[in-house]
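Visitor: Structure for this input, please:
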Amino acid sequence: MQKIVLPLLEWFEKNKRDLEWRREKTPYTILISEVMLQQTRVEAVRSYYSRFIKELPDFKALSCCSEERLLKLWEGLGYYNRARNLKKCAIEIINKHQGIFPDSYEIAIKLPGIGDYTCGAILSQAYNLKYAAVDGNVLRVLSRYLCSSMDILKEKTKKYFKQEIEKILPANAGTFNEALMELGATICMPKIALCDKCPLKLSCKAKKENIQLEFPKKTAIKEKKNLEYTVLFLTDGIKYSFLSKPTGVLKGLPSPILIDSFLTAGEALEYTASLGFVPLREKELPDRSHIFTHQKWQMKGYKIYVQDLLNYPSYTPEEIKNRLGIPTCFKQFLNDLF
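Guide: Take a look at the predicted model:
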């Protein structure tokens with residue numbers, strides 16, 4: 001694979017996208033961008049990244065940020081544990097590493113939320129250390145280039161490609177890693193392969209056989225599980241109650257009352273009363289749905305007027321919009337609430 005290095009680097013120099021996180025490269029900015037980009041499209045991340053870095057420009061600022069504010073800054077990106085782990089990582093870097101991201105793989109990989117890919121990306125891009133950063137883009141490019149039938153969902157495949165890349169990494173290892181990812185993101189894409197624009201087209205095995213889209217190989221993905229929920233937004237007419245969901249995919253996030261089945265309007269009022277509230281009336285909200293990685297939620301919503309919100313955490317519409325980090329699955333109800 002040594003022959004791919006020079007043409008790939010030359011192509012990247014001429015064609016790389018102007019992305020916010022490429023303008024000022026530090027271990028911190030690389031960490032934030034890489035974590036945001038997990039499971040999220042580049043275009044969606046750009047505005048979030050700029051806002052986040054403006055408010056929390058370094059490890060110290062992140063380590064001191066309240067969880068409520070952190071989740072508000074992360075609102076819309078989903079997978080909120082990523083944000084929590086970033087803060088845990090920042091705290092450890094401040095307390096144990098004098099505020100500097102370690103330049104040792106063995107130490108960095110032990111930081112909260114840091115996996116092999118993120119570790120390789122930071123060490124190679126910030127310190128030019130020769131570690132590969134193998135993501136889905138890289139796996140797709142190399143699977144096609146080599147006509148590899150290895151299952152990219154298996155850990156041994158990732159380890160194999162990591163080892164192969166690290167055999168050929170040049171002195172500017174970070175730039176090479178970025179170039180390989182950029183090729184997968186803009187040229188060698190999942191459903192489209194723009195081979196005429198690819199710097200590796202002359203030596204790509206799949207291109208020679210015209211079977212590019214048959215790669216990469218991966219085991220069949222299980223269908224998403226369909227789940228039914230009823231969502232109750234309790235209000236006294238001024239404020240709304242938002243609890244913290246204790247378990248599941250939305251653990252610890254501000255949440256209305258969530259019941260794991262569909263309820264009629266009458267059943268929703270009865271359920272509210274069973275919690276100790278005095279329900280006055282209800283308003284049915286339009287049904288909503290939300291897709292998580294392995295689940296699809298079908299949601300029936302009700303706005304429940306109660307006599308008193310008791311001691312439950314409650315917020316005005318303004319506070320809900322501007323202060324709380326509401327999960328996207330519930331945000332879609334807000335326009336119908338107030």
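Visitor: Now do the helices in the stretch 201-338 of the chain.
Guide: Read by DSSP state H, counting those that start in this stretch, the stretch 201-338 of the chain holds these helices, from start to end of the chain: 205-209, 265-274, 317-322, 328-331, 334-337.
Visitor: Reformat those as TSV; add distance to residue 59, mean neighbour count and mean pLDDT.
Guide: (Glycine included, C-beta is placed from N, CA and C.) Formatted as TSV, the entries for the helices of the stretch 201-338 of the chain read as follows, by distance: least, Cβ to Cβ, whole Å; neighbours: other Cβ atoms under 10 Å; pLDDT from 0 to 100:
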stretch	distance to residue 59	mean neighbour count	mean pLDDT
helix 205-209	42	15	97
helix 265-274	44	16	94
helix 317-322	26	14	93
helix 328-331	27	19	93
helix 334-337	33	13	93
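Visitor: between those, which gets nearest to residue 249?
Guide: Between residue 249 and the helices of the stretch 201-338 of the chain, the shortest separation by Cβ to Cβ is 9.1 Å, and it involves helix 328-331.
Visitor: for that closest one, packing partners?
Guide: Contacts defined by 3 or more Cβ pairs under 8 Å, 6 or more residues apart in numbering; DSSP states H and E place helix 328-331 against strand 279-291.
Visitor: shouldn't residue 326 be in contact with residue 76?
Guide: No: if you go by Cβ atoms under 8 Å, residue 326 and residue 76 don't touch, sitting 9.3 Å apart.
Visitor: Looking at the two, which has the bigger crowd around it?
Guide: residue 326 (23 against 15; other Cβ atoms under 10 Å).
Visitor: ok, that one - contacts?
Guide: Contacts of residue 326 were listed using Cβ atoms under 8 Å, 6 or more residues apart in numbering, and they are 75, 242, 253, 254, 320, 334.
Visitor: which of those sit farthest apart?
Guide: 253 and 334 (14.7 Å).
Visitor: tally of neighbours for residue 285?
Guide: 18.
Visitor: for the one 10 residues further on, same thing?
Guide: The tally of other residues near residue 295 (other Cβ under 10 Å) stands at 13.
Visitor: I'd say it and residue 225 touch.
Guide: Yes: because the distance of 5.1 Å satisfies Cβ under 8 Å, residue 295 is recorded as touching residue 225.
Visitor: Mind giving me the packing neighbours of the longest helix along the chain?
Guide: In the chain, ranked by residue count with DSSP state H as the criterion, the top helix is helix 81-96. Of the remaining helices and strands, those touching helix 81-96 by 3+ Cβ pairs under 8 Å, 6+ apart are helix 27-37, helix 59-64, helix 67-74.
Visitor: just checking, what packs against the longest one?
Guide: This points to helix 27-37. helix 42-55, helix 81-96, helix 116-127.
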